[in-house]
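A.B. asks: Give me a model of this one.
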Amino acid sequence: MKNKFILLECGDDVIYFEKDTFKVSQLRELVIREIVNKWRREICTYKTKINNDCVGSLFGRISAGDEFIPFSEIKLNAAKDCQVLKIDGKGWQKGKLEIRIFIYPNSHKPNNVCLEFYPDEPINIE
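C.D. replies: Modelled structure (predicted):
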């Protein structure tokens, strides 16, 4: 993924995977919801109690001996082949979607999903 990337910020742009198609806004929402739901299911499975029933609170801080280390941000990364149709573009582009998820366990900052598209063909910058 050494090519320049396109930051997918427009919620109406479309991402096509092998079996499903999503608007950018819908994919962001689904990714966060799935992460939160999986964490909650795992927490219930292991009967672990965490403060605020928040995804990040499980790893909001860890202990190292007698010390506690607070975490301000937890990052998850994934990459998947896809095609993207930008509403201001010239048709479908093949490439790889980099999904970056940011969870803020010790903050009121909302969790965030960043979608970066790395096209197979170089981007023409005019």
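A.B. asks: Let me see the ranges of the helices in this structure.
C.D. replies: 24-45 (DSSP state H).
A.B. asks: ok, now which ones touch the residue of it positioned farthest from its centre?
C.D. replies: Within the chain, the residue lying farthest from the chain centre (Cα atoms, centre = their mean) is Asp66, at 33.2 Å. Neighbouring residues of Asp66 by Cβ atoms under 8 Å, 6 or more residues apart in numbering: there are none. No exception for glycine: its C-beta is placed from N, CA and C like everyone else's.
A.B. asks: Quick one: residues in contact with the lowest-mean-pLDDT helix or strand in the chain.
C.D. replies: Sorting the helices and strands of the chain by mean pLDDT, DSSP states H and E puts strand 61-64 at the bottom, at a mean of 77. Where contact means Cβ under 8 Å, 6+ apart, the residues beyond strand 61-64 that reach it are Phe68, Ile69, Pro70, Phe71, Pro105, Asn106.
A.B. asks: Okay, the last one and Ile35: tell me how far apart.
C.D. replies: Same thing as Asn106. 17 Å (Cβ to Cβ, to the nearest Å).
A.B. asks: So for those two, which sits in the more crowded spot?
C.D. replies: With neighbours defined as other Cβ atoms under 10 Å, Asn106 and Ile35 compare such that Ile35 has more, 17 against 14.
A.B. asks: and the more buried one, what does it touch?
C.D. replies: Ile35 is in contact with Val55, Leu76, Ile101, Ile103, Asn111, counting by Cβ under 8 Å, 6+ apart.
A.B. asks: from those residues, which ones fall inside strands?
C.D. replies: Judged by DSSP state E, the subset of those located in strands is Leu76, Ile101, Ile103.
A.B. asks: strand partners of the least confident helix or strand of the chain, parallel vs antiparallel please.
C.D. replies: Sheet pairing here is set by DSSP bridges, and for strand 61-64 it gives strand 67-70 (antiparallel).
A.B. asks: List of residues touching the strand it pairs with?
C.D. replies: Applying Cβ under 8 Å, 6+ apart, the contact partners of strand 67-70 are Gly60, Arg61, Ile62, Ser63, Asn106.
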